[in-house]
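**Student:** Below: sequence and its predicted model.
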Amino acid sequence: MKTIRRLCSLFLLAVLFCVLVPWVQAEEAGQPQRTTVLFTHDLHSRFLPRKTENGGESGGYARLKTALDLERARYPEALVLDGGDFSMGSLIQSLYAQEAPELRTMGAMGYDAVTAGNHEFDYTGAGFGQMLNAALLSGDRTPALLMANYSPAQENPDRLDLQRAMAAYGVRDSMLLERGGVTYGIFGLMGADAHDSAPTSGFELEDAEERARKCVDALREQGAQFIICLSHGGTSERKKLSEDQQLAEKVSGIDLIISGHTHTTLREPIVVGNTYIVSSGAYCENLGSITLEWEGTDGDDKVLVDYRLIPIDQNLSEDEEIAALIDRWKQKVSGSYLSRYNLTYDQVLARSGFDLPLPRSGVQEPNALGSLVAKSYAWAAARAEEGTVMPAAVAVTADGVLRAGLPAGDITVSQVFDVLSLGVGADGTTGYPLVSFYLTGEELRSALEVDASLTPLMPAAQLYTHGIYYLFNTHRMFFNRVVEARLTDGPLESDRLYRVVTGLYSAQMLGTVESRSFGLLKLTPKDQDGNPVTDFTQQIIRDKNGREVKEWYALASYLSSLGQEEGEPGLLPDSLLLPEDGKQVSSSWNPVQLLKNPNWLTFAALGLLTLTGAAGVLLIRSMLRAGRRRRYGGGYRRRRWFGR
């Protein structure tokens, strides 16, 4: 009897188990999935904090690590991803090819995957390969590197070495990552504008949309439930320039796009169909965090649960391990790169009683920092070539190469480098060098027209000069906005050659002027004999020891020379805020200013306006005559007809 009861009990338990387990599983299956992604982009080697205009500090990887740890404590299954341009922006980048400090530090912070941006190729494609080898040889943990549409070009002489380095590191199109019971599919893309901004990469770009579709399809087939794109394409208020919005519209199946390159700060995600696009801002100013809930097996029906941009500022403590690692990087920089200049990382060069902020993007106005940089170019070139070469008539820098302002207080070597931190020279060391070439007076005026006319469309093209004064009016005809232009020491003669000093990158971008101006403006850099320059590396300015004069070092040495007393750093003069030359911007409707010194474009516009006005007058007169005929002539005929 007892045996029968036991058997019945076991039978009942088995029945309950069979009934309840599927019910529990169904309940669990009905529960929404949750995804949290922590993200950055355009970090630009911001290893250390920088002062802000309000007296605080921003950035720094030791504080970023603290923020990451706090978020991972809140969301233990969070992914940590980056949208590219993790390099180029501080002195530590001088170790890029030899030590790979960026990837190794990101590995120490716990990044899962990153993609490459255009600035990862500032050391050329070969330097990119060297960096990958250095990261691999270090043995340190590093993030996965995903690049689905960017590969060494067929004609690149370093192609085989690059392919080996990329294969050894494990660079691939996409990856699967399982976290918290969710299978993620992640892939990386380079944008078209980003590729155009990497003229020395030696890589070729495949169509982003086509490659994205292939990645999405392949990842879904492999079981990915949630698809993430690390894109260095960017967004823009102008829809046709917003590459990642276009990507989301044309490629279905992407759940989340981490959007880099344009340095955008999105306070709320952009939602295109079923795709979320996020950006946290550049230079480690914020850590982005997004949490989405979704049902099903493919990330559909997503609901935004949490989206925050967490400031990386003085309110966060520094992670001791990352702070110690950064200190080691600093010591290596001082012992290698800076030693050739007899400088150290935190050495004070000068003191300032005022801020020298970056230009306001897209705002056409003078800028004291830009003028100071241009003046330092002319000063450094004259010092390096004293007695051997004709001094420069004009020195020029562009908004796009100015990467940081100089706050009031002590100005250190590292702060000055931050201002002009891009690129690498022909010598293979960090920092673009100064170059010189010649333009005619007419071409110089065309260069000023680039500043006056293209800046609203291309903020990075805004120019700051030394040695030339010019006035332009924003209401004048495009490419005829310059009202007057003259050298600070004399008139500007159209057919005469004038020596110009600028940075290597700015010089290399001169070739785009014709296309950007729709063929209306053309600049042909020349040597002193008037022959066209085809290789700007042959125009590099070198000091008496044959070393390249770097842009940043030109500024550093010039600041160090100002107000220096008995070897101690001096106070910068207030006159730097009021440069004696450069540009003046007018928005006056004064007819004299609007019509002074017209070129053929203005004449053509005036002619068209005159013809349009004349046609309008004739049309109105014709309409009035027709009206009179209908009123008087037509009525008279009707009266006569009725009179009959």
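**Tutor:** The structure has been received and is ready for your questions. Since we're looking at a predicted model, the values are computed, not measured.
**Student:** ranges for the helices of the stretch 501-644 of the chain?
**Tutor:** 504-508, 513-516, 551-561, 591-595, 600-628, 634-643 (DSSP state H, counting those that start in this stretch).
**Student:** all helices of the stretch 301-450 of the chain, in order?
**Tutor:** For the stretch 301-450 of the chain, the helices defined by DSSP H, counting those that start in this stretch cover 320-335, 368-384, 413-419, 441-449.
**Student:** could you dump these to a markdown table with mean neighbour count and distance to residue 119?
**Tutor:** Yep, even glycine has a C-beta here, placed from its N, CA and C like the rest. Output for the helices of the stretch 301-450 of the chain, formatted as a markdown table (neighbours: other Cβ atoms under 10 Å; distance: least, Cβ to Cβ, whole Å):
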| stretch | mean neighbour count | distance to residue 119 |
| --- | --- | --- |
| helix 320-335 | 17 | 18 |
| helix 368-384 | 23 | 20 |
| helix 413-419 | 25 | 14 |
| helix 441-449 | 21 | 25 |
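**Student:** Switch these over to TSV; also include mean pLDDT.
**Tutor:** Formatted as TSV, these follow (pLDDT from 0 to 100):
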stretch	mean pLDDT
helix 320-335	97
helix 368-384	95
helix 413-419	96
helix 441-449	91
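**Student:** Need those helices in CSV (columns: distance to residue 399).
**Tutor:** CSV is the format used below for the helices of the stretch 301-450 of the chain (distance: least, Cβ to Cβ, whole Å):
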stretch, distance to residue 399
helix 320-335, 27
helix 368-384, 7
helix 413-419, 12
helix 441-449, 14
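**Student:** how about those helices, which one is nearest residue 178?
**Tutor:** Ranking the helices of the stretch 301-450 of the chain by proximity to residue 178 (Cβ to Cβ) places helix 320-335 first, at 26.9 Å.
**Student:** residue ranges with poor pLDDT in the stretch 251-400 of the chain?
**Tutor:** By pLDDT under 70, the weakly predicted segments of the stretch 251-400 of the chain are 296-300.
**Student:** Show the contacting residues for residue 124.
**Tutor:** Counting by Cβ atoms under 8 Å, 6 or more residues apart in numbering, residue 124 touches 200, 201, 202, 424.
**Student:** Relative to the whole chain's centre, how far out is stretch 352-371?
**Tutor:** Averaging C-alpha positions (Cα atoms, centre = their mean, to the nearest Å) puts stretch 352-371 18 Å from its chain's average.
**Student:** end to end, how far does that stretch reach?
**Tutor:** Terminal residues of stretch 352-371 lie 16 Å apart, using Cα to Cα, to the nearest Å.
**Student:** any residues touching that stretch, and which ones?
**Tutor:** Under Cβ under 8 Å, 6+ apart, the answer for stretch 352-371 is 53, 372, 397, 399, 402-409, 411, 419, 452, 455-456, 459, 462-466, 474, 571-572, 574, 576-579, 581-585.
**Student:** What about those, which are in strands?
**Tutor:** 397, 409, 411, 463, 464, 465, 466, 582, 583, 584, 585 (DSSP state E).
**Student:** And the residues you listed, which of them are buried?
**Tutor:** Buried members of these, counted by 16 or more other Cβ atoms under 10 Å: 397, 411, 463, 464, 465, 466, 582, 583, 585.
**Student:** what's the most distant pair in those residues?
**Tutor:** 411 and 585 (27.8 Å).
**Student:** For stretch 413-421, C-alpha coordinates in PDB please.
**Tutor:** The C-alpha coordinates for stretch 413-421 follow below in PDB (Å, rounded to 0.1, in the frame of the first residue of the first chain):
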ATOM      1  CA  VAL A 413      54.900  71.900 -23.200                       C
ATOM      2  CA  SER A 414      52.100  69.300 -23.200                       C
ATOM      3  CA  GLN A 415      49.400  72.100 -23.500                       C
ATOM      4  CA  VAL A 416      51.200  73.700 -26.400                       C
ATOM      5  CA  PHE A 417      51.500  70.300 -28.200                       C
ATOM      6  CA  ASP A 418      47.800  69.800 -27.600                       C
ATOM      7  CA  VAL A 419      47.000  72.900 -29.700                       C
ATOM      8  CA  LEU A 420      48.800  71.400 -32.800                       C
ATOM      9  CA  SER A 421      48.800  67.700 -32.100                       C
END
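**Student:** which residues sit against it?
**Tutor:** Here stretch 413-421 has contacts from 44-45, 48, 50, 88-91, 93, 338, 343-347, 349, 369, 373, 401-407, 431-432, 503, 550-552, 555-556, 559, using Cβ under 8 Å, 6+ apart.
**Student:** One more: stretch 323-342?
**Tutor:** With Cβ under 8 Å, 6+ apart as the contact definition, stretch 323-342 has outside contacts at 47-48, 61-62, 91-92, 94-95, 99, 101, 105, 108, 343-345, 413, 429-430, 547, 553, 556.
**Student:** can you check stretch 266-280 too?
**Tutor:** Applying Cβ under 8 Å, 6+ apart, the contact partners of stretch 266-280 are 39-41, 83, 235, 244-245, 248-249, 252, 254-260, 262, 264-265, 286-288, 290, 292, 299-300, 302, 304, 307, 309.
**Student:** Count residues in the vicinity of residue 613, would you?
**Tutor:** Number of residues near residue 613 (other Cβ atoms under 10 Å) recorded here: 10.
**Student:** any idea how far it is from residue 619?
**Tutor:** 11 Å (Cβ to Cβ, to the nearest Å).
**Student:** cool, and residue 82?
**Tutor:** Taken as Cβ to Cβ, the span from residue 82 to residue 619 is 61 Å.
**Student:** Between those two, which is the more surrounded one?
**Tutor:** Neighbours of residue 82 and residue 619, each counted by other Cβ under 10 Å, are more numerous for residue 82; the result is 28 against 10.
**Student:** For the more buried one, which residues are in contact?
**Tutor:** Residue 82 is in contact with 39-41, 43, 106, 111, 113-115, 143, 230, 258, 260, counting by Cβ under 8 Å, 6+ apart.
**Student:** What's the mean pLDDT across stretch 552-559?
**Tutor:** For stretch 552-559, the mean pLDDT works out to 96.
**Student:** what comes into contact with it?
**Tutor:** With Cβ under 8 Å, 6+ apart as the test, stretch 552-559 has contacts from 341, 343, 349-350, 372-373, 375-377, 379-381, 383, 411, 413, 416-417, 419-421, 431, 434, 572.
**Student:** Please repeat the previous calculation with a cut-off of 7 Å.
**Tutor:** With contact meaning Cβ atoms under 7 Å, 6 or more residues apart in numbering, stretch 552-559 is reached by 341, 349-350, 373, 376-377, 379-380, 411, 413, 416-417, 419-421, 431, 434.
**Student:** How about stretch 526-541?
**Tutor:** If you take Cβ under 7 Å, 6+ apart as the criterion, stretch 526-541 is touched by 381, 384-385, 426, 433-438, 497, 504, 507-508, 524-525, 548-549.
**Student:** burial of residue 471, as a residue count?
**Tutor:** Residues contacting residue 471 under the criterion other Cβ under 10 Å number 18.
**Student:** tell me the SS of it?
**Tutor:** strand (DSSP: H, G, I helix; E, B strand; the rest coil).
**Student:** Point me to the helix or strand that includes residue 36.
**Tutor:** Using DSSP states H and E, residue 36 maps to strand 33-40.
**Student:** What is the helix or strand following that strand packed up against?
**Tutor:** As assigned by DSSP H and E, the chain's next helix or strand after strand 33-40 is strand 50-51. With contacts defined as 3 or more Cβ pairs under 7 Å, 6 or more residues apart in numbering; DSSP states H and E, strand 50-51 has these neighbours: strand 57-58.
**Student:** cutoff 10 Å now
**Tutor:** Contact here means 3 or more Cβ pairs under 10 Å, 6 or more residues apart in numbering; DSSP states H and E; on that basis strand 50-51 packs against strand 57-58, helix 413-419.
**Student:** how about the helices in the stretch 151-300 of the chain?
**Tutor:** Assigned by DSSP H, counting those that start in this stretch, the helices in the stretch 151-300 of the chain fall at 159-169, 192-196, 208-221, 243-250.
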